[in-house]
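1. Based on what follows, work out the 3D shape:
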Amino acid sequence: MNDLIDALVAALPDLRSGLLITLQLTIGGAVGAFLIAVGLGLWVRSRSILVRTPARFLIEFFRGTSLMVQLFWFFYVMPLFGLELSGLTCGVLALALNYGAYGAEVVRGSIEAVPKGQWEARIALSMSPAHHLTKVIWPQAWAIMIPSLANLAIMLLKGTAVAYIILMHDITFETEKLRQATGNTFFAYGVGMAMYLVIALVIVGLARLAERHAKAKLGGATPLFSAARRRRVAAGSGVG
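-> Numbers count the residues shown, from 1 in each chain. Alright, predicted model coming up:
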């Protein structure tokens, strides 16, 4: 046991470095995914088929292709066309596009889950479409989508583990080094599992705070929408 502790202490600098890489991938990917999700989620709701078709294509393309293949494409194929990106940039870009496509369905479904009466209020109040969307519809949709977006953020965190294929020394990479140093798979990957779990719990905690804040701004903690409707929104993301 002492040998394992000594090996862990010796590996701490590398594990901290791996943790930093994982956090950079997670935060960068999550921010990019959110922006893409909002953009595509609004875009795909256009009444014009010429406008919404490209958005639908992008959503299905990045949902329907492997994250690993996308990472390979950005890191190994794009340089063949003269565009060479760093491993971190490729990782953030692939994560943002892949999970942003899933998030777009969450955004779309959440907006459409807002009761019909809230949409009709625009006519009665003579509000512009943009003002109505930002002041009336979006706050309600935001409260609905937070749990599903948090779920996607945790999945994105776990998706960072494939970054080793583009030579990123993340938690998974450093965990494997610890396994090789100790010869103990249970111990090494137990350390890695604990590190991922702590990050996931932080994401869950932040999401719960955001959800409570969103509900409070809407006038209390009483759910505005039924559990069945929330399940339909989550199902629209195409993930668990």
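2. ok, now how distant is residue 90 from residue 30?
-> For residue 90, the distance to residue 30 (CB to CB, to the nearest Å) stands at 16 Å. Glycine gets a C-beta too; all of them are placed from N, C-alpha and C.
3. With residue 209 instead?
-> Using CB to CB, we find residue 209 at a distance of 16 Å from residue 30.
4. who has more neighbours, those two?
-> residue 30 (24 against 11; other CB atoms under 10 Å).
5. avg pLDDT for whichever strand or helix holds that one?
-> In this assignment (DSSP states H and E), residue 30 forms part of helix 2-43. Averaged across helix 2-43, the pLDDT comes to 93.
6. Output the contacting helices and strands for it.
-> Helix 2-43 makes packing contacts with helix 49-64, helix 87-113, helix 138-159, helix 171-182, helix 185-217 when contacts are defined by 3 or more CB pairs under 8 Å, 6 or more residues apart in numbering; DSSP states H and E.
7. could those go into a markdown table alongside distance to residue 72 and mean pLDDT?
-> Conversion of those to a markdown table gives the following (distance: least, CB to CB, whole Å; pLDDT from 0 to 100):
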| stretch | distance to residue 72 | mean pLDDT |
| --- | --- | --- |
| helix 49-64 | 14 | 93 |
| helix 87-113 | 9 | 95 |
| helix 138-159 | 14 | 94 |
| helix 171-182 | 17 | 93 |
| helix 185-217 | 23 | 94 |
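8. Now render those helices as JSON lines, adding distance to residue 42.
-> Formatted as JSON lines, those follow (distance: least, CB to CB, whole Å):
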{"stretch": "helix 49-64", "distance to residue 42": "9"}
{"stretch": "helix 87-113", "distance to residue 42": "7"}
{"stretch": "helix 138-159", "distance to residue 42": "10"}
{"stretch": "helix 171-182", "distance to residue 42": "34"}
{"stretch": "helix 185-217", "distance to residue 42": "18"}
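9. For residue 37, which of those helices is the nearest?
-> For the helices and strands packed on helix 2-43, proximity to residue 37 was assessed by CB to CB; helix 87-113 is nearest, at 2.9 Å.
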